[in-house]
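Novice: give the three-dimensional model of this entry:
(one chain, ligands or ions: 1)
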Amino acid sequence: MGSAPATVREMRRAQRADGPAAVLGIGTANPPTCLAQDEYPDYYFRVTNSEHLTDLKGKLTRICNKSGIKQRFIHLDEELLAANPDFKDRTLPSLDARVEIASAAVPELAASAAAKAIAEWGRPATDITHLIFSTYSGARAPSADRRLASLLGLSPTVSRTILNLHGCYGGGRSLQLAKELAENNRGARVLVACSEITLIAFYGPEGGCPDNILGQALFGDGAGAVIVGADPVSPVERPLFEMAFASQTTIPETEDAISMQINKGGMEYHISNQVPRLLGCNVERCLVDAFGALGIHNANWNNLFWAIHPGGRAILDHIEGVLGLDDGKLAASRHVLSEFGNMSGTTVIFVLDELRRRLGQAANQEEGQAPEWGVMMAFGPGITIETMVLHAPAAEGN
Ligand SMILES: CC(C)(COP(=O)(O)OP(=O)(O)OC[C@H]1O[C@@H](n2cnc3c(N)ncnc32)[C@H](O)[C@@H]1OP(=O)(O)O)[C@@H](O)C(=O)NCCC(=O)NCCSC(=O)CC(=O)O
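Specialist: The predicted structure follows:
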């Protein structure tokens, strides 16, 4: 080797960042077609030629009315559905056509979100060193991560990873992986992109499957992107949230509670009606463990800010109840659920985006009143709980 001997330990230390990973930019995007939730049962039963299934329409109407959702965005508009009538019937082999459309649409939607995140970050896209892409619509290689790298003009040396079928915890998992990459590779700048379009799982209400009806009422399309890096370069880079600690927990004996499977007719899922209760029974333990790992005991949950994946209105209600949260503590999550529905792994990025706006407003209005510490949580098949403790430097006036 050269003239400056160093131990492997010293070399390793030199490769690591000094400070914690931080969110340096956030962007979101949705397809243009917006559906009002109160009109959705009429729309869904009309476009799937299922008006005669009045009981199921009644059930969908009841779920929509209680969903806490005002509107959702979809890629699969009526024109596209008319061109692909097999999508209405999950017994027909429509997977090829769905994958063909998703392979183009998923990375394009991600690119719209990523362009906004990169613009906020303030550095050129070629400075991105790592890309993590999460989607449930991937069924082809090279995958959406490769296409997104081309669309954004990323460097050929960017290290790409794709997460597939993580469902609603894909955003949380990606952000935790981004934290590990940023903290272990000095100077790394990680682009996290999540992009979900429900086209892969859209079909008619035949067979009376309640899981399908629930999914048709909840899920929407969207993409979210986050730039993550440690040791921000001032004045260009500004940390929005520092990532203080992250963990993943699997709730025992809940393997069958949330599941997703790709079949010849598209993706099918099962969502147990026990999910809100199961999450309600387990989130506090995850939080106590996470804060305990940081040496913080007996944290007052009401002194934190909250970015919870709004999987459904009842999930937020249960978590709010078990933690004794004041009204408004989950406002960012409820707002995103209302305006966009459950966009699976992407949703938590929308919540972070909404939360930073709200924290910024609170800091401006009542100086020193915006919480400095907070939590991001995402849930999905497993049942898996992703927990991340966040610190908002702006809230302490940095
Ligand atoms: C669906 C709801 C909006 C309904 O609101 P309420 O529970 O207050 O109302 P309610 O009890 O009167 O129920 C209204 C109707 O919804 C039905 N219902 C409730 N939960 C259901 C489920 N899991 N599957 C199918 N149907 C369900 C009830 O049977 C009832 O039908 P009837 O009126 O015929 O008796 C709510 O339960 C909710 O938000 N549930 C959480 C949804 C969820 O688990 N989301 C996670 C998605 S998965 C995820 O986020 C991660 C991932 O995908 O990876």
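
Novice: near the ligand, which residues of the stretch 201-350 of the chain?
Specialist: 210-211, 214, 218, 258, 271-273, 275-276, 311-315, 342, 344 (Cβ under 6 Å from any ligand atom). (Each C-beta comes from the backbone N, C-alpha and C, glycine too.)

Novice: show me where pLDDT drops low in the chain?
Specialist: 1-5, 207-208, 366-368, 395-398 (pLDDT under 70).

Novice: one more time with 80, if that's ok
Specialist: 1-5, 206-211, 363-369, 394-398 (pLDDT under 80).

Novice: now for residue 35, how many residues are close by?
Specialist: By the criterion of other Cβ atoms under 10 Å, residue 35 has 17 neighbours.

Novice: just the buried subset of the residues of the stretch 201-350 of the chain next to the ligand, please.
Specialist: Among those, those classed as buried by 16 or more other Cβ atoms under 10 Å are 214, 218, 258, 271, 275-276, 311-315, 342, 344.

Novice: any idea how far residue 176 is from residue 392?
Specialist: 18 Å (Cβ to Cβ, to the nearest Å).

Novice: circling back: from the residues of the stretch 201-350 of the chain next to the ligand, which land in strands?
Specialist: Counting by DSSP state E, the part of those found in strands is 258, 271.

Novice: helices - which of the residues of the stretch 201-350 of the chain next to the ligand land there?
Specialist: 210-211, 214, 218, 275-276, 313-315 (DSSP state H).

Novice: ok now stretch 283-293, how far from the chain's centre?
Specialist: Distance of stretch 283-293 from the chain centroid (Cα atoms, centre = their mean, to the nearest Å) equals 21 Å.

Novice: where does stretch 279-294 sit relative to the chain's centre, distance-wise?
Specialist: 20 Å.

Novice: let me redo that: stretch 358-375
Specialist: That offset, for stretch 358-375, works out to 23 Å (Cα atoms, centre = their mean).

Novice: outside of it, which residues touch it?
Specialist: 241, 244, 287, 290, 303-308, 331-332, 355, 387-392, 394-397 (Cβ atoms under 8 Å, 6 or more residues apart in numbering).

Novice: now the residues you listed: which count as buried?
Specialist: Judged by 16+ other Cβ under 10 Å, buried ones among the contacts of stretch 358-375: 241, 244, 287, 290, 304-308, 332, 355, 387-392, 394-395.

Novice: would you mind listing what in the stretch 51-200 of the chain touches the ligand?
Specialist: Counting by Cβ under 6 Å from any ligand atom, the residues of the stretch 51-200 of the chain close to the ligand are 59, 62-63, 66-67, 167-168.

Novice: between the residues you listed, which has the most around it?
Specialist: Ranking these using other Cβ under 10 Å puts residue 168 first, with 29 neighbours.

Novice: could you find the closest non-adjacent residue to it?
Specialist: residue 380 (4.1 Å; Cβ to Cβ, 6 or more residues apart in numbering).

Novice: and what about residue 289, helix, strand or coil?
Specialist: Secondary structure state of residue 289, per DSSP: H, G, I helix; E, B strand; the rest coil, is helix.

Novice: if I pick it, what's in contact with it?
Specialist: Contacts of residue 289 by Cβ under 8 Å, 6+ apart are 247, 249, 387.

Novice: which strands and helices sit next to whatever helix or strand residue 243 lives in?
Specialist: Residue 243 belongs to strand 241-250 when elements are defined using DSSP states H and E. Counting contacts by 3 or more Cβ pairs under 8 Å, 6 or more residues apart in numbering; DSSP states H and E, strand 241-250 packs against strand 21-29, helix 170-184, helix 275-293, strand 384-391.

Novice: next, the buried residues of that strand.
Specialist: Neighbour-count burial for strand 241-250 [16+ other Cβ under 10 Å]: 241-246, 248-249.
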